[in-house]
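Asker: kindly generate the corresponding structure for this input.
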Amino acid sequence: MPERVEATFVFGSLGNLPGALIDGWAVEDNYAWAIGTESRLLLPLPADEAEYLLRLTVQPLIHKGERDAQRLAVATELGILANFSLEQRTTIELALPIALTRNRNNIALILLHPDAMRPSDFKQIDDHRLLSVCFMSGTLTRPADNARDHPPAAACRLIVAGGYVARQIAEAISELPILRQRVACHYVNTDHVHEVTPPPSEVLQSAALCWEQTGVNHAWAWAGIRSMLPPGCDIRRFAAPRMTVLWPFLQADPRLTYEAGLYPGGRYPFGDRIAASLAHLQLPDDVMQLTYMSMAETGMPDLDALLAADRAAWRDIDATHDIAVADYIGENFRRNRLCFAPPYPTGDLLGHMIGQLLGGSRIAALCDPAMLRQELDFLLTGYLGRREELPIHPQVAQRLGLAWWHPGMRYRWQGNRWTFEDYVLRTIRWTPWRP
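Answerer: Residues are numbered from 1 along each chain as shown. As a prediction, this is how the structure comes out:
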């Protein structure tokens, strides 16, 4: 039967479930070990009436000849759901009782794993934890229903036009269960002037709402398409706010090369002026890193002045657009991570922007606003966005007092998980002809 993915889960401190791991866990960056003999998981749910299937990708701790498999039982307050004998990495499936999922925001799962072992008992390592099963990721799916998953022709039509952030907003709106029968969302990529493809004319001529991202390269190409919108179309403008204080050494790198097929935007598109200045030196890695950190400390600009400039730019956005971001960013950026890179918002900031666009709109009038907000928050929990996260200098994080940052933090970059030091060294060493 066709299925629709309602949510994806990633275990580990960098995933979207740390607050759901109640008892019996040893949490690493990208996964979490079930420890001892029992663990508890409070799994988020969409709070609707659908039947759900939970899939979890797991890896058992085994030692051939001594422990060839790990037993795992999954239970709820209604009793045991399933029993497994895990011999290798696999994906297990659990049909969740609708009596425990209907209109609920979460479900409590009890994981029973009686075969935990200490890695130090059979490996030459100093790890004395009682580990059983490693939990990596999961998905929550429900049976697809054509009538529900494809908006009818009479649905309220929304056009979201712009670049990357506009596309993320359009995808989020399209994934909200409460809007599937009510709103048909169409994304128009206006990021490249000569490649703008308008939606079908019947969509343009009947659109009830249009959300436009400014600041992308679409000045003349989008104008003609926009003129086809009906007179009653509610047009709202937004911008992707840039946060530059977190990256004070940003500067175009003269080595930047567009590598078609691999790195169409360049391998290190943001640039670092200190890293670029060291690229010609032949120094050992440790000396190179020390040199970079010393130059960064000496040349660190006034972060208060940079933050003031950012605040002024956000206020300018507020004054010329239909959503407000300045106060929200200023009040929350130390406590919550709001940007993966200067122009790329995290789920937290993206949710604020979408909430502002929805507020008082025809879409908000079509459904329960509280349920709409709840579904939006659920959807964006653990949002990963782009695969690139621009690393933050430790001194910057410490001076600004970023509560979400920690020493040794790893960042996603082109499929890698690098620390700030890893990223800087590779940026310095990079040359266009080197793979």
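
Asker: would you mind measuring from the most far-flung residue of the chain relative to its centre to F122?
Answerer: No residue in the chain sits farther from the centre than G65, which is 41.4 Å out by C-alpha atoms, centre = their mean. Taking C-beta to C-beta, to the nearest Å as the measure, G65 falls 10 Å from F122. Heads up, the C-betas are built off the backbone N, CA and C, glycines and all.

Asker: one more: T214?
Answerer: Distance, T214 to F122, by C-beta to C-beta: 60 Å.

Asker: low-confidence ranges in the stretch 101-250 of the chain?
Answerer: 144-154, 192-196, 217-221 (pLDDT under 70).

Asker: quick one, strands of it?
Answerer: Here the stretch 101-250 of the chain has its strands, by DSSP state E, counting those that start in this stretch, at 106-112, 131-143, 156-162, 183-189, 209-213, 234-238.

Asker: of these, flag the one that's most buried.
Answerer: strand 156-162 (a mean of 25; mean count of other C-beta atoms under 10 Å).

Asker: angle of it against strand 183-189?
Answerer: With axes from the mean of the first three to the mean of the last three C-alpha atoms, to 10 degrees as the basis, strand 156-162 and strand 183-189 are set at 20 degrees to each other.

Asker: chain center to strand 156-162, what's the gap?
Answerer: 22 Å (C-alpha atoms, centre = their mean, to the nearest Å).

Asker: can you give me the domain boundaries for the chain?
Answerer: Domain assignment of the chain by automatic domain parsing yields the ranges 3-145, 151-238+347-380, 242-343+386-435.

Asker: what about the strands of the stretch 101-250 of the chain, which gets the closest to L17?
Answerer: strand 131-143 (8.5 Å; C-beta to C-beta).

Asker: CA atoms of that closest one as CSV?
Answerer: Output of strand 131-143 as CSV, limited to C-alpha atoms (Å, rounded to 0.1, in the frame of the first residue of the first chain):
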residue,chain,number,x,y,z
LEU,A,131,25.3,-1.0,25.8
SER,A,132,22.7,-3.1,23.9
VAL,A,133,21.2,-1.5,20.8
CYS,A,134,22.2,1.6,18.9
PHE,A,135,19.3,3.7,17.6
MET,A,136,20.2,5.8,14.5
SER,A,137,17.1,7.1,12.7
GLY,A,138,13.4,6.5,12.1
THR,A,139,10.4,7.4,10.1
LEU,A,140,6.7,7.8,10.9
THR,A,141,4.4,6.9,8.0
ARG,A,142,0.8,6.4,7.3
PRO,A,143,-1.1,4.9,4.4
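
Asker: so which elements touch it?
Answerer: With contacts taken as 3 or more C-beta pairs under 8 Å, 6 or more residues apart in numbering; DSSP states H and E, strand 131-143 sits against strand 3-10, strand 32-35, strand 52-60, strand 70-76.
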